[in-house]
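1. quick one: sequence and predicted model below, then my questions.
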Amino acid sequence: MKRIFLICLLFSLAGYCLAQEGTNFEDLTFKEALAKSQTTGKKLFVDCYTKTCGPCKYMVKFIFPLKECGDYFNSNYICIMKDMEEGDGIDIAQKYNVRIYPTYLILNHDGTVYCRLDGGAVSSPKEDFVQKVKDAIELAEANRKYSAGARDHSFLEKYINILRIHDKKRLQTVMSETMIQLGVNKLCEPENWTLIKTEVNNVDTPLFRYLVENRAAFCKQLGQQEVENKIISVYSEEFRVLKMMGIDFDKRMTDLKQFEKDHYKSALPLRYRMLFFYIINKEQKDRANEILKVLQNINKELPDEADRMSVLRELTGFERIANQQQIEKASTYLQEISNNLQPNNANYVQGLITRIKK
């Protein structure tokens, strides 16, 4: 009997030790947790969950019990878990505008937000949740330093690298705020131009607009093809990704017409793609003849077959806006276009003719 008792005791102790390896979530009210945070000098970590949240349950079962989580969180934080739909969790959800679950709040002693991870769950121990929290803290601290006015070169270089990994949207803002003042000559230096090429991908950001408005000066430094490739690629990618979400097509096509005057070869096919999509998507039947005019002259205006095909792929649905006479004209023009294409592309156009005529 004594032996059985000892075995049970050993198992209990083993379970206790194992539990202690993981994150220690304390049974405290929010007010008590803040008070303990202040007494111990540790920040407060709040796991904001709901009972129906699958990722929340996964984190509690598989991530927070890990030894590396226990080592990090128990040493640095007072940790509590709060259901956002009951008790003082309701007030926490309202006060901190918690809408995504799980959300992890890291709070200062006075309850102000030091850092937060909205929807911060991981789906595997391999994702390293501790590192994810450390990265979020690094970003939050850098954001505060920047907002406080830090602009020295070493900080900005580090900050921009952090944003490149963790916050692409804010990166666009910070680059615009700090790089335009450098002027064209500095921006054309390899380090800065590489950053612009790889990271400035929003047509409406001030830095991209600065590039567009000063493209002639950039071309003198970098060559027209280099500048054209960057500018047109941003417009093209925007059209590919966001064309169903309300681009200002008139504004974009006005820009592209200006690029055509600068002899940007890629501007015209992109403008025609936008024109076709916009007219057909908006079902502007009174503009069907604009499409026919493009089809009539496309072999001459776009000698590159890839450019022609990129435009023709936006012709889907033309039959919805065209009358019978316009459909017949389009079919005739498409047949002429087909005669000058490689077999695979010709087959695509023949299929397009068939669909339009149905």
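-> Here it is on my side, so go on.
2. which residues touch the helix or strand hosting Asn299?
-> Element membership of Asn299, judged by DSSP states H and E, is helix 288-301. Contacts of helix 288-301 with the rest of the structure, by Cβ atoms under 8 Å, 6 or more residues apart in numbering, involve 268, 272, 275-276, 279-280, 308, 311, 315, 318, 321-323, 326, 329-330, 333-334, 336-337, 340. For glycine as for every other residue, the C-beta is placed from the backbone atoms N, C-alpha and C.
3. please pick the buried ones from the residues you listed.
-> 268, 272, 275-276, 279-280, 308, 311, 315, 318, 321-322, 326, 329-330, 333-334, 337 (16 or more other Cβ atoms under 10 Å).
4. I'd like to know which of these are part of helices.
-> When helices are assigned by DSSP state H, the members of the buried ones among the contacts of helix 288-301 inside them are 268, 272, 275-276, 279-280, 308, 311, 326, 329-330, 333-334, 337.
5. what's the farthest-apart pair in those residues?
-> By the measure Cβ to Cβ, Leu268 and Gln326 form the most distant pair in those, at 22.7 Å.
6. how does this protein divide up, domain by domain?
-> The record's domain parsing of the chain by automatic domain parsing lists 18-125, 180-357.
7. now render those as CSV, adding mean pLDDT.
-> Compiled in CSV, those are given as follows (pLDDT from 0 to 100):
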stretch, mean pLDDT
domain 18-125, 95
domain 180-357, 94
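8. and these as JSON lines, adding distance to Tyr159?
-> What follows is the domains of the chain, written out as JSON lines (distance: least, Cβ to Cβ, whole Å):
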{"stretch": "domain 18-125", "distance to Tyr159": "16"}
{"stretch": "domain 180-357", "distance to Tyr159": "12"}
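9. select, out of these, the one closest to Lys145.
-> Proximity to Lys145 (Cβ to Cβ) singles out domain 18-125 among the domains of the chain, at 13.5 Å.
10. now for the domains of the chain, which one comes closest to Ala140?
-> domain 18-125 (4.1 Å).
11. burial of Tyr348, as a residue count?
-> 15 (other Cβ atoms under 10 Å).
12. and it, what element?
-> Secondary structure from DSSP H and E places Tyr348 in helix 343-357.
13. you'd agree Lys357 is up against Lys329?
-> No. Using Cβ atoms under 8 Å, Lys357 is not in contact with Lys329, being 11.9 Å away.
14. how much space is there between the nearest residue to Thr205 once chain neighbours are set aside and Glu141?
-> Taking Cβ to Cβ, 6 or more residues apart in numbering, and ignoring the residues beside it in sequence, Thr205 has Gln172 as its nearest neighbour in space, at 4.7 Å. Using Cβ to Cβ, to the nearest Å, we find Gln172 at a distance of 21 Å from Glu141.
15. do Thr332 as well
-> Remark: distance between Thr332 and Glu141 (Cβ to Cβ) = 66 Å.
16. repeat that for Ile90.
-> Note on Ile90: its distance to Glu141, by Cβ to Cβ, is 30 Å.
17. more crowded one of Gln172 and Glu141?
-> Residue environment comparison for Gln172 versus Glu141 gives the larger neighbour count to Gln172, 20 against 13, counting by other Cβ under 10 Å.
18. need the contact list for that one.
-> Contacts were defined as Cβ under 8 Å, 6+ apart; by that measure Gln172 touches Glu199, Val200, Asn201, Asn202, Thr205, Leu207.
19. the same query, at a cut-off of 10 Å, please.
-> For Gln172, the contacting residues are Leu163, Glu199, Val200, Asn201, Asn202, Asp204, Thr205, Pro206, Leu207, Phe208, by Cβ atoms under 10 Å, 6 or more residues apart in numbering.
20. which among those residues count as buried?
-> Taking 16+ other Cβ under 10 Å as the criterion, what is buried in the contacts of Gln172 is Leu163, Glu199, Val200, Asn201, Asn202, Thr205, Pro206, Leu207, Phe208.
21. got JSON lines for those, with secondary structure and distance to Thr29 too?
-> Compiled in JSON lines, those are given as follows (DSSP: H, G, I helix; E, B strand; the rest coil; distance: Cβ to Cβ, whole Å):
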{"residue": "Leu163", "secondary structure": "helix", "distance to Thr29": "37"}
{"residue": "Glu199", "secondary structure": "helix", "distance to Thr29": "45"}
{"residue": "Val200", "secondary structure": "coil", "distance to Thr29": "48"}
{"residue": "Asn201", "secondary structure": "coil", "distance to Thr29": "46"}
{"residue": "Asn202", "secondary structure": "coil", "distance to Thr29": "45"}
{"residue": "Thr205", "secondary structure": "coil", "distance to Thr29": "45"}
{"residue": "Pro206", "secondary structure": "helix", "distance to Thr29": "47"}
{"residue": "Leu207", "secondary structure": "helix", "distance to Thr29": "48"}
{"residue": "Phe208", "secondary structure": "helix", "distance to Thr29": "50"}
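22. alright, I will stop here.
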